[in-house]
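# Can you look at this prediction? I've put the sequence above it.
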Amino acid sequence: MATEIIFPLLSGNTSMDLVNTEVVSHGTRHDLLTSKEHVLAWFNTIKKEGNISRDQFNMDIELWANDALPLLRELRSFLRDGYEKSADGKELTPDWNTHLELLIKRAPFMYQLKNDQLIPIPIGEPDDALISIIALDALKILSSNQLSKIHRCANPECVLLFIDTHGRRKWCSMKICGNRSKVTRHQQLKIK
Ligand SMILES: [Zn+2]
């Protein structure tokens, strides 16, 4: 059984969810992706959310989670760099998407229709397949003009990023940072 780990902010975008496997709680940065067990837990979590499917992999995750760990960590830091730049209003250079396109070349896609849904199936080693799926998600964020909608959480201590489609969201989530800020403001008001 995989260790129970709660991933804080699931967005439906696997690339964003990967970046958000680094969190800060009580002032300390925690990395939720440092072992095979973490890979299993993350994989099972995004599978449960419906963002990946068992049909996309030709081997059980237990057999390749170890191989996937360094690839995921490398992709995560690449994506974080791009997403943080976007959140700070900087343009990404074409090298960014070229790198993602090259990652997909290691396990390119064929398509299968399952239950009326078109599922991209990466052809290659399963660890490369997972990287392809995440890289494709990042390219979809780019091609649908959503990079400019990426924001950092308004809590300066929080490292979570999110895509704001409505233009009003300040916090990664009300539950994690929004309420805490409200409580602090409330306490400060009382002190005054
Ligand atoms: Zn936050």
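The structure has been received and is ready for your questions. Numbers count the residues shown, from 1 in each chain.
# Which residue ranges of this protein form helices?
For the chain, the helices defined by DSSP state H cover 14-19, 36-48, 65-87, 94-105, 126-143, 179-191.
# and these, which is most packed in?
helix 14-19 (a mean of 24; mean count of other C-beta atoms under 10 Å). Just so you know, the C-beta spots here come from the backbone N, C-alpha and C atoms, and that holds for glycine as well.
# Could you export it as PDB, CA atoms only?
Output of helix 14-19 as PDB, limited to C-alpha atoms (Å, rounded to 0.1, in the frame of the first residue of the first chain):
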ATOM      1  CA  THR A  14      -1.300  17.400 -14.300                       C
ATOM      2  CA  SER A  15       1.600  19.800 -15.000                       C
ATOM      3  CA  MET A  16       0.300  22.300 -12.400                       C
ATOM      4  CA  ASP A  17      -0.400  19.500 -10.000                       C
ATOM      5  CA  LEU A  18       3.200  18.300 -10.400                       C
ATOM      6  CA  VAL A  19       4.600  21.700  -9.600                       C
END
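# average pLDDT across it?
In this model, helix 14-19 carries a mean pLDDT of 96.
# for it, packing partners?
Contact here means 3 or more C-beta pairs under 8 Å, 6 or more residues apart in numbering; DSSP states H and E; on that basis helix 14-19 packs against helix 36-48, helix 65-87, helix 126-143, strand 161-163.
# I'd like to know which of those is closest to residue 118.
Closest to residue 118 of the helices and strands packed on helix 14-19, according to C-beta to C-beta: helix 126-143, at 12.8 Å.
# could the helices of the chain go into CSV alongside distance to residue 58?
Shown next, in CSV, are the helices of the chain (distance: least, C-beta to C-beta, whole Å):
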stretch, distance to residue 58
helix 14-19, 19
helix 36-48, 15
helix 65-87, 14
helix 94-105, 17
helix 126-143, 6
helix 179-191, 43
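# so can I have TSV of those showing distance to the ion?
Converted to TSV, the helices of the chain look like this (distance: least, C-beta to the ion, whole Å):
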stretch	distance to the ion
helix 14-19	13
helix 36-48	19
helix 65-87	13
helix 94-105	25
helix 126-143	20
helix 179-191	9
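# and those helices, which one is worst for confidence?
Of all the helices of the chain, the minimum mean pLDDT falls on helix 179-191 (a mean of 60).
# out of the helices and strands packed on helix 14-19, nearest to residue 171?
Per C-beta to C-beta, nearest to residue 171 of the helices and strands packed on helix 14-19: strand 161-163, 8.4 Å.
# Report the distance from the closest one to the chain centre.
Centre-to-centre, strand 161-163 and its host chain are 9 Å apart (C-alpha atoms, centre = their mean, to the nearest Å).
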